[in-house]
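Visitor: Provided below are the primary sequence and the corresponding predicted coordinates.
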Amino acid sequence: MTYHDPHPVEQVCVAGPAADVELVEPRDVPLGGPRAMTVRRTLPSRARSLVGPFCFADHYGPDDVAATGGMDVPPHPHTGLQTVTWLFEGAVLHRDALGSEQTIAPGQLNLMTAGHGICHSEEATPAHFPRERVLHGVQLWTVLPESARHGPGAFEHVADVPRFTVDGADVQVFLGRLGGVASPAKAFSPLVAAQVDVPAGARVVLHVDAAFEHGVLVDSGRLRFEGHDVAPSWLAYAPPGRDALVLEAGDEPVRAVLLGGVPFDEPVLMWWNFVARTHDEVVEARTRWQAAITGDPTGEARYGRVTGYEGTPLPAPDLPNVRLRPRER
């Protein structure tokens with residue numbers, strides 16, 4: 001997914017101070033125009049920039065794609081991150097500059113590593129999937145560490161992620177390791193991401209890495225997390241130090257996504273679809289992308305080109321007239 005805000009705000013992301021449990025309220029962001037699908041974004045936010053290396057979390061649906069038009073994100077660039085696509089319902093077609101063309105369904109993972117630069121498109125419209133009436137899922141980004149962010153792009157599709165049960169809950173681990181199972185997908189930092197389905201009335205104890213900070217993004221149902229009530233689409237955050245997390249459902253089932261990782265201690269500057277470290281890096285990334293969409297070989301050498309998408313690439317917004325710098329917290 002991509003930012004569509006024509007005036008994106010730069011953000012230098014920090015792990016934030018340790019606390020008990022923080023609750024992060026989602027904000028609505030239109031994806032592709034006023035009639036298009038609206039996503040609910042919790043990362044980055046004023047309250048929290050990062051959970052481990054996770055720097056971006058969009059939660060969308062359930063949407064009737066016939067009414068909303070679904071998802072139609074033109075080719076756009078990324079640097080310095082991995083995009084993580086996970087669905088509850090529906091299907092999304094991914095194309096990228098590596099030549100990948102992959103449809104993802106619920107229970108499967110699409111993972112794209114941007115490295116120094118890549119571009120891709122994402123489509124989930126009635127024209128592509130006439131039998132899929134509903135689109136519902138999450139899009140996550142993770143920051144690449146210094147050791148990996150200048151490397152080549154890559155794409156992985158995991159058709160069947162590992163899963164286990166605990167206290168009656170079904171847990172699907174799509175990144176990292178949890179509960180004795182490990183995702184085959186390649187990560188560059190110690191982390192975890194999993195869908196947790198908690199039956200009505202159940203109390204679930206997840207044994208986790210105490211070195212990790214964790215976030216729980218609620219999709220459906222009302223969750224009680226570590227003694228705090230968490231409404232649908234909200235993100236609950238717990239700092240490092242816990243070796244177990246307690247998730248409780250009321251009189252209806254709860255579906256949630258667990259995120260976690262070692263607190264990311266490198267400086268991280270996010271602007272539009274670029275994750276960098278400095279203002280100058282963002283300027284260079286934007287300049288090369290604007291060149292790429294005109295067919296300039298210097299730009300295409302960095303990002304490549306998506307083939308098969310019927311439409312034009314997404315131009316980058318204008319940079320602000322000041323140097324990108326941290327927000328006041």
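Guide: Structure received.
Visitor: C-alpha only now, for contacts and for neighbours.
Guide: Noted.
Visitor: contacting residues for E122?
Guide: Neighbour list for E122: M1, M71, D72, V73, P74, P75, V92, L93, H94, R95 [criterion: CA atoms under 8 Å, 6 or more residues apart in numbering].
Visitor: in JSON lines, list the residues you listed along with distance to A238 and pLDDT.
Guide: Output for the contacts of E122, formatted as JSON lines (distance: CA to CA, whole Å; pLDDT from 0 to 100):
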{"residue": "M1", "distance to A238": "26", "pLDDT": "63"}
{"residue": "M71", "distance to A238": "32", "pLDDT": "91"}
{"residue": "D72", "distance to A238": "34", "pLDDT": "92"}
{"residue": "V73", "distance to A238": "33", "pLDDT": "92"}
{"residue": "P74", "distance to A238": "36", "pLDDT": "95"}
{"residue": "P75", "distance to A238": "35", "pLDDT": "97"}
{"residue": "V92", "distance to A238": "31", "pLDDT": "97"}
{"residue": "L93", "distance to A238": "34", "pLDDT": "98"}
{"residue": "H94", "distance to A238": "33", "pLDDT": "98"}
{"residue": "R95", "distance to A238": "35", "pLDDT": "98"}
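Visitor: show me those that map onto strands.
Guide: Among the contacts of E122, the members found in strands (DSSP state E) are M71, D72, V73, P74, P75, V92, L93, H94, R95.
Visitor: tell me the one among those nearest to Y303.
Guide: Nearest to Y303 among these is P75, at 10.4 Å by CA to CA.
Visitor: so where's the stretch 151-300 of the chain shaky on pLDDT?
Guide: Scanning the stretch 151-300 of the chain for pLDDT under 70 picks out no residues.
Visitor: show me where it has its helices.
Guide: Counting by DSSP state H, counting those that start in this stretch, the stretch 151-300 of the chain has helices at residues 279-292, 297-303.
Visitor: packing partners of the shortest one?
Guide: The contact analysis (3 or more CA pairs under 8 Å, 6 or more residues apart in numbering; DSSP states H and E) places helix 297-303 against strand 118-124, helix 279-292.
Visitor: can you check the longest one too?
Guide: On a contact count with 3+ CA pairs under 8 Å, 6+ apart, helix 279-292 meets strand 274-276, helix 297-303.
Visitor: go through these and pick out the most buried.
Guide: strand 274-276 (a mean of 26; mean count of other CA atoms under 10 Å).
Visitor: out of the helices of the stretch 151-300 of the chain, which gets nearest to L324?
Guide: Short answer: helix 279-292, nearest of the helices of the stretch 151-300 of the chain by CA to CA, at 5.3 Å.
Visitor: the closest one versus strand 118-124: what angle between them?
Guide: Interaxial angle, helix 279-292 versus strand 118-124 (axes from the mean of the first three to the mean of the last three CA atoms, to 10 degrees): 70 degrees.
Visitor: picking that back up, got the helices and strands packed on helix 279-292 as TSV, with distance to D219 columns?
Guide: Formatted as TSV, those follow (distance: least, CA to CA, whole Å):
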stretch	distance to D219
strand 274-276	26
helix 297-303	33
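Visitor: those: which one's closest to P267?
Guide: Using CA to CA, the nearest of those to P267 is strand 274-276, at 8.5 Å.
Visitor: which residues touch the closest one?
Guide: For strand 274-276, with CA under 8 Å, 6+ apart as the criterion, the contacting residues are P77, H78, T79, G80, L81, V143, V268, L269, M270, V282, A285.
Visitor: OK, contacts around the fourth one?
Guide: Translated: G80. Applying CA under 8 Å, 6+ apart, the residues near G80 are A114, G115, H116, G117, V143, L144, P145, R149, H150, F274, V275, A276.
Visitor: what's the burial count for the residue nearest to V166 when sequence neighbours are not counted?
Guide: The shortest distance from V166 to any residue other than its chain neighbours is 6.8 Å, reached at V204 (CA to CA, 6 or more residues apart in numbering). The tally of other residues near V204 (other CA atoms under 10 Å) stands at 22.
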